[in-house]
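S.K.: Predicted model and sequence follow; I will ask about them next.
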Amino acid sequence: MQTKHYNLFKELKYVENGLFWCIPAFHATKLRIAGKTHYLS
């Protein structure tokens, strides 16, 4: 019972993190690509 509850909590946390990091990750990827082109040029 305890483990099941813990797993559910962990999954919820993953979902929250996924939603929270979706947009920042997209911007970070854009920044990383921009940084690479700047570094290469």
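M.R.: On my side now, so go ahead. Predicted model only: the values in this text are computed from it and were never measured.
S.K.: And P24, how far from Y14?
M.R.: Per C-beta to C-beta, to the nearest Å, P24 is found 16 Å from Y14. Where you see a C-beta, it was placed from the backbone N, CA and C, and this is true even at glycine.
S.K.: same question but for T3, I mixed them up
M.R.: T3 sits 16 Å away from Y14, going by C-beta to C-beta.
S.K.: pLDDT averaged over the host helix or strand of H27 - what is it?
M.R.: Per DSSP states H and E: H27 is located in helix 2-40. Averaged across helix 2-40, pLDDT comes to 77.
S.K.: Distance from it to the middle of the chain?
M.R.: Here helix 2-40 is found 0 Å from its chain centre; the criterion is C-alpha atoms, centre = their mean, to the nearest Å.
S.K.: out of T3 and Y14, which sits in the more crowded spot?
M.R.: Each of T3 and Y14 has its neighbours counted (other C-beta atoms under 10 Å); Y14 has more, 10 against 7.
S.K.: Now do the same contact list for that one.
M.R.: For Y14, the contact set (C-beta atoms under 8 Å, 6 or more residues apart in numbering) is empty.
S.K.: How about A28?
M.R.: Residues near A28 by C-beta under 8 Å, 6+ apart: none.
S.K.: For K36, see how far away it is.
M.R.: A28 is 12 Å from K36, by C-beta to C-beta.
S.K.: cool, Q2 as well?
M.R.: From Q2 over to K36 (counting by C-beta to C-beta), the distance is 46 Å.
S.K.: And those two? Which one has more around it.
M.R.: In this view Q2 and K36 are compared by other C-beta under 10 Å, and K36 has more residues nearby, 10 against 6.
S.K.: Relative to K30, how far out is that one?
M.R.: 11 Å.
S.K.: and what of L19?
M.R.: Distance from L19 to K30, by C-beta to C-beta: 19 Å.
S.K.: got it, and F9?
M.R.: For F9, the distance to K30 - C-beta to C-beta - is 32 Å.
S.K.: what do you get for Y14?
M.R.: Taken as C-beta to C-beta, the span from Y14 to K30 is 24 Å.
S.K.: If anything else comes up later, I'll come back, but that's it for now.
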